[in-house]
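In: no sequence for this one, just the structure:
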């Protein structure tokens, strides 16, 4: 009688998602009120814009194929189209070769591994599913756009360190569509600060929505105050704001960086996003024939986009070379992409090389240096705290006090 041996089946996809799992962290890092039904990485962005039904779940199918490919299951790519298969193959090959470089064989790589973070009382704080897990390494596959997935990786890394006792975790995020890998080394201190900051804002009863890149995937977009707020409520009646819009003019507030900082933060956080929402809705209405009152619809031609044949075509059409040279303008971004496509390397190094060549030839010069203000990640907390202190603005003396001082000075 042949003894039957039962093997534990390989897990190819997560069985469930924790409502506060790391896959939500990138969204909550930007807006603590985000509540989405699907992960933006699980949908082809271009296809989603045309037909949501055809795009939904494609990322999930690719992740399942990746797990099959790495674990040696037959017909791993069944159901994928040519592009999707090529993306999964690249991620699988990079994962196996990357593991081999640090001493791990393909048989030691685990796929779709749950990592759980516990509270001090051993209750579950959150859990998530790491795509690829071996030793102190986590590889995560993305088949959508390049986004900031560092908060998600911090969640996985913290749970893995808690489970396996590592002091740090090495993370590789592999973007299949772009054939690009992003590397992170995450220690416990960094992971805790990132994860607990996000969760504390998410759980705060005073959390406020913020317009961000994930708005289109949020179920609250139709009613979100950050995107669709009424301007009167926005400026004057928001009882839930921790700070109010200052009533003084910018000239009066000019000497005080806290007040100007509050004004600029309110503008960037609420008013600018409200204005963008108004522009969007007005354009939709006008496109449907319902032009907003006080405006008129002026039709414009589509933008003419020229390709590499334009230069030769214009010369053949009789335009002198000198005129073409005078009219030509190149963007550094376009030149860098062309350089990389032709000669390889990174766009950053390409931009430096192109600039050096142009400047040395006298074909370009760099203008005066400038600056721009970048909003701090914790700007709201900083400004709220600063607004709690007495504001000492250099205001003009009342007229009667000035008169008294003048009289005392003449006696």
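Out: Nice, I can see it. This is a predicted model, so every value here is computed, not measured.

In: how about residue 209, secondary structure?
Out: Counting by DSSP: H, G, I helix; E, B strand; the rest coil, the backbone at residue 209 sits in coil.

In: surely it and residue 226 touch.
Out: Yes: judged on C-beta atoms under 8 Å, residue 209 makes contact with residue 226 at a distance of 4.2 Å. Where C-beta positions appear, they are placed from N, C-alpha and C, glycine not excepted.

In: what do the two both touch?
Out: Both residue 209 and residue 226 are in contact with residue 31, where contact means C-beta atoms under 8 Å, 6 or more residues apart in numbering.

In: give the contact list for residue 285.
Out: Contacts of residue 285 by C-beta under 8 Å, 6+ apart are 291, 292.

In: phi, psi of it?
Out: phi -60, psi -50 (degrees, to the nearest 10).

In: number the residues from 56 up from this point.
Out: Happy to do that; since the first residue is 56 now, the last one works out to residue 340.

In: pLDDT score assigned to it?
Out: With respect to pLDDT, residue 340 scores 84.

In: do the same with residue 59
Out: Predicted confidence (pLDDT) for residue 59: 39.

In: residues contacting stretch 403-419, please?
Out: 387, 390, 391, 394, 395, 398, 420, 421.

In: helix, strand, or coil at the second one?
Out: Which is residue 390. helix.

In: tabulate the contacts of stretch 403-419 (CSV), appending distance to residue 430 and pLDDT.
Out: Listed next are the contacts of stretch 403-419 as CSV, based on distance: C-beta to C-beta, whole Å; pLDDT from 0 to 100:
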residue, distance to residue 430, pLDDT
387, 25, 83
390, 30, 85
391, 27, 87
394, 32, 86
395, 30, 87
398, 37, 88
420, 31, 83
421, 26, 82
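
In: the residues you listed in helices, which ones?
Out: Among these, DSSP state H puts 387, 390, 391, 394, 395, 398 in helices.

In: which of the residues you listed lies closest to residue 332?
Out: residue 387 (32.2 Å; C-beta to C-beta).

In: ok, the closest residue to that closest one other than its chain neighbours - how many residues close by?
Out: Excluding the flanking residues, the one nearest residue 387 by C-beta to C-beta, 6 or more residues apart in numbering is residue 406, at 5.6 Å. As a burial measure, residue 406 scores 17 neighbours (other C-beta atoms under 10 Å).

In: show me what contacts the closest residue to residue 134 other than its chain neighbours?
Out: Of all residues not flanking residue 134 in the chain, residue 116 sits nearest, at 6.2 Å (C-beta to C-beta, 6+ apart). Residues near residue 116 by C-beta under 8 Å, 6+ apart: 134, 135, 139.

In: can you tell me which of those are buried?
Out: The neighbour-count test (16 or more other C-beta atoms under 10 Å) marks 135, 139 as buried among these.

In: out of the contacts of residue 116, name the ones that lie in helices.
Out: residue 139.

In: just the closest of the contacts of residue 116 to residue 229, please.
Out: residue 139 (14.6 Å).

In: next one: the residue nearest to the closest one when sequence neighbours are not counted from residue 229, what distance?
Out: Take residue 139 and drop its neighbours on the chain: the residue closest to it by C-beta to C-beta, 6+ apart is residue 117, 5.6 Å away. The gap separating residue 117 from residue 229 is 12 Å, by C-beta to C-beta, to the nearest Å.

In: what about the two, which has more around it?
Out: residue 117 (27 against 24).

In: was I right to think that one contacts residue 145?
Out: No: Residue 117 is beyond contact range of residue 145, at 11.1 Å (criterion: C-beta under 8 Å).

In: now the common contact residues for those two.
Out: What both residue 117 and residue 145 touch, as defined by C-beta under 8 Å, 6+ apart, is the set residue 231.

In: quick revisit: for the residue nearest to residue 139, what are phi and psi?
Out: phi -70, psi -40.

In: what about the helices in the stretch 256-405 of the chain?
Out: For the stretch 256-405 of the chain, applying DSSP state H, counting those that start in this stretch gives helices covering 280-283, 286-287, 305-308, 312-321, 327-342, 365-371, 376-382, 387-398, 402-415.

In: with that, I have no additional questions.
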